[in-house]
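K.L.:
following is a predicted model, sequence given first.
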2 protein chains.
Amino acid sequence: MRTLARELKDCVGKEATIEGWIHKKRLLGGLNFINVRDRSGLVQVVVEDKKEVEKLRGMQIGTVLKVTGNVTEEPRAPGGAELHEPKIEVMVAVTEEPPVEIDKPLSHKPENLDTLFEHRALGLRNLQEAKIFIIRSQLLRYIREFLYENDFVEINTPKLQAGAAEGGAEVFKLDYFGQEATLAQSPQLYKQIMVGVYERVFEIAPAFRAELSATTRHVSEVTMLDVEMGFIEDQQDVLKLVQDLVYNVLTRVYTDCEAELKSLNAPELKLTPEFPSYTMAEIHELYQKETGRDVSQEIDLTPDEEKWICEYAKKKHGCEAVFATGLPVSKMKFYHMKGENGTARSADLLFRGIEISTVPQREHRYEVLLEQMKDAGVDPASQGFAAYVSAFKHGLPAHGGFGFGIDRLTEKTVGLANVKEAILFPRDINRLAP
Amino acid sequence: MRTLARELKDCVGKEATIEGWIHKKRLLGGLNFINVRDRSGLVQVVVEDKKEVEKLRGMQIGTVLKVTGNVTEEPRAPGGAELHEPKIEVMVAVTEEPPVEIDKPLSHKPENLDTLFEHRALGLRNLQEAKIFIIRSQLLRYIREFLYENDFVEINTPKLQAGAAEGGAEVFKLDYFGQEATLAQSPQLYKQIMVGVYERVFEIAPAFRAELSATTRHVSEVTMLDVEMGFIEDQQDVLKLVQDLVYNVLTRVYTDCEAELKSLNAPELKLTPEFPSYTMAEIHELYQKETGRDVSQEIDLTPDEEKWICEYAKKKHGCEAVFATGLPVSKMKFYHMKGENGTARSADLLFRGIEISTVPQREHRYEVLLEQMKDAGVDPASQGFAAYVSAFKHGLPAHGGFGFGIDRLTEKTVGLANVKEAILFPRDINRLAP
């Protein structure tokens, strides 16, 4: 029977067998320590017997071991216990040193990101690095649990599409048995169609964008959460949904992964159940008053304003998430609904300095939608849109939804500097491997 | 406050407001009934007041309504209650009849599949059709819950890859900023790499196969569950994992979705916690004895044998899932481990007449893996494999895993005839829309 590192303390005074990787080795002659890593943590093994020390000779980090020994309490050891008088079995011998130090986290400085990703497969064996993706896994889990509890049905929509769904330029194209196909930038059209079936649907899936920019913000493959909900009064219902989702999920993660987040130096979480909300005009005015910079001519919030308003809301309301409402119609997609006075029925959700989601009501009226499609230069009769417009013609209720990147949410939750650090094997204009 | 169809019975004697779509209309003059559909079911509304009847004039199936009325017990109505003396508000008027009858399920006969998929967006509004994807959503949920409980970490691996990971021919290729990329056929290499980090990982994501065949079995985009587990003794541990997963998930779905599955005429579930296991040779022999057909020269099980052994196991063991062991080495991929006497350390899992998964131990020994790659004509030094082989060089424990299609599992769970019926918007050689 294998004992995991996290269970070792329960075995003090008994014999136990562990299995794992050599994570650290200190062969000092008389007194030798090795740390063995398994999926739950580290075990310190004290090796005195010369025959056992001999087995470790030449064995490098990553060597897979099975070790049986006596469990002794040791407050200074990881987990509070260690193994003595071990019998060691080398299960997989590793005779070459790893190209990166696994015991120390790789540098996340911008100039070192290439090294980080080149050695991703080994760098992730660092305990700190691995925690980022444990937290990501938990975020995914809690998001789904929240949505199930609220009657949402999970859907899987095709990533191979005929034509670019949102009419954008930055799509990947491929030959599909002699026909041109595109890779889905989002499940937008499908999730709206599915409101006509289940009212409430979500999907978590890859989305593809042929981003030509090589900046830190741009990746060509992201993992997106997409949510859509019918029978709303107006966009306030959708804002409430995203607010409750974000509050619930982040509060849970910060509770359940407290130790992991602390050790990663994640910022303390400041959220109130209701997120403060400001119009674009109000934000422009507040920002100008405090910084002296005139941004009244900007259609959108400037990147600096996004940072500023999150800091402002944190100080004033104790909440790092803010809604920016009164977005201009010019920012709208054809499937968004217009509001009053040149604004869209939409808000941006900002969190820790950046926009993480746009949260609009959709235009659900068939005739109005057709008009907006025409205005946007989208042909409702084209192959990619036939089923979409048909769903409206045959009745879709008022609805709205949102999407956000799981990568971005992980980045901001952990407090990383670059979204790519929150992706296992990121893809950008320069990177297609590993 | 909106009351859902499923909550109506709790409101008997009170007034309630429902919102939903006209699902069925019977305007008989004096006594008029409409059925209103929402995400939880149907509500029968009895309309007598002429002014209210007038509002429904010309309104077709799909019209979105808000109806306030008195809730009366009525055992013959769906949900056991109906609405009387309604005040009707037409929220979205639909004036054109739907191209398909929503009240009746569309035909799933092979010759009618084109119609089924052409009108998918509306056809799914049929209550029976919708149940298929409720069950699919539950399968996904229960699979993840089982894996979380067993210490598995969810990962997201890239679908844009450099080179074809498994060396196969049927891959989609695309231009990736001037470089050739392929769409992932599976996360095989990544999930093995990640065993070196978390020991136990899984992913549920789309996978792409440029299948030139237009048979019922072939789709070009599938949703795959992929699982990988380290520190196994041998393939028996992996077989036990897939067995426990399938038993747990299907038993839960058959309990929680009993009514839905019955109404879809799903076959009764016959599973035992331990699945019977036969070698290929034993199956050939048993099959030949019973049918008189000589299959001893076949490397693999024939499709008819797959059906037969599942029926046999069902009768003999009360279990529709069977393992076929002793698979020949010739069926192996380069990353599988060889067993004794020309067999692979692997088994096929058969369920309800077809193979749903191959369940092998992987070759984790660096030198042996390199040999097997060379034998398979795969270059370990190529860009797509560098990180993969590095993970082995620096220590991967004995591991194994499996993948199976969520589409296939849904098809077999519900008892559908074609995997495409279990996919919302299927993709094959002839179908790229909707």
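P.N.:
On my side now, so go ahead. Quick caveat: nothing in here was measured; it's all calculated off a predicted structure. Residues are numbered from 1 along each chain as shown, chains lettered A, B, ... in the order given.
K.L.:
residue contacts, the spatially closest residue to A:Lys24 that is not a sequence neighbour?
P.N.:
Distance criterion C-beta to C-beta, 6 or more residues apart in numbering or on different chains; nearest residue to A:Lys24, sequence neighbours excluded, is A:Asn35 at 4.1 Å. Using the backbone N, CA and C atoms, a C-beta is placed for each residue, glycine as well. For A:Asn35, the contacting residues are A:22-25, A:42-45, A:78, by C-beta atoms under 8 Å, 6 or more residues apart in numbering or on different chains.
K.L.:
take those residues and keep only those in strands.
P.N.:
A:22-25, A:42-45 (DSSP state E).
K.L.:
output the residues you listed as CSV; include the columns neighbour count, distance to A:Glu149 and pLDDT.
P.N.:
Formatted as CSV, these follow (neighbours: other C-beta atoms under 10 Å in any protein chain shown; distance: C-beta to C-beta, whole Å; pLDDT from 0 to 100):
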residue, neighbour count, distance to A:Glu149, pLDDT
A:Ile22, 22, 43, 97
A:His23, 23, 39, 97
A:Lys24, 15, 43, 95
A:Lys25, 16, 47, 92
A:Leu42, 22, 36, 97
A:Val43, 29, 38, 98
A:Gln44, 22, 42, 97
A:Val45, 25, 44, 97
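K.L.:
so, low pLDDT: which residues of chain A?
P.N.:
Residues of chain A that meet the criterion pLDDT under 70 lie in A:164-169, A:214-217.
K.L.:
okay, now the domains of it?
P.N.:
Chain A breaks down into these domains under automatic domain parsing: A:5-92, A:123-422.
K.L.:
B:Gln179: which of the ones you listed is closest?
P.N.:
Proximity to B:Gln179 (C-beta to C-beta) singles out domain A:123-422 among the domains of chain A, at 11.5 Å.
K.L.:
distance from the chain centre to that closest one, please.
P.N.:
For domain A:123-422, the separation from the chain centroid amounts to 12 Å (computed by C-alpha atoms, centre = their mean, to the nearest Å).
K.L.:
close to chain B: what parts of the stretch 1-150 of chain A are there?
P.N.:
Residues of the stretch 1-150 of chain A found near chain B (C-beta under 8 Å from any C-beta of the partner chain) are A:2, A:19, A:21-22, A:38-40, A:60-64, A:91-92, A:94, A:96, A:98-99, A:120-122, A:124-125, A:130, A:133-134, A:136-137, A:140-141, A:144, A:148.
K.L.:
in helices, which of the residues you listed appear?
P.N.:
Among the residues of the stretch 1-150 of chain A next to chain B, the ones falling in helices (DSSP state H) are A:120-122, A:130, A:133-134, A:136-137, A:140-141, A:144, A:148.
K.L.:
pick out whichever of those residues sits closest to B:Val378.
P.N.:
So of these, ranked by how close each gets to B:Val378 (C-beta to C-beta), first place is A:Ala121, at 17.5 Å.
K.L.:
contacting residues around A:Lys87?
P.N.:
Shown in contact with A:Lys87 (C-beta under 8 Å, 6+ apart): A:52, A:67-69.
K.L.:
mind doing that once more with 6 Å?
P.N.:
For A:Lys87, the contacting residues are A:Thr68, by C-beta atoms under 6 Å, 6 or more residues apart in numbering or on different chains.
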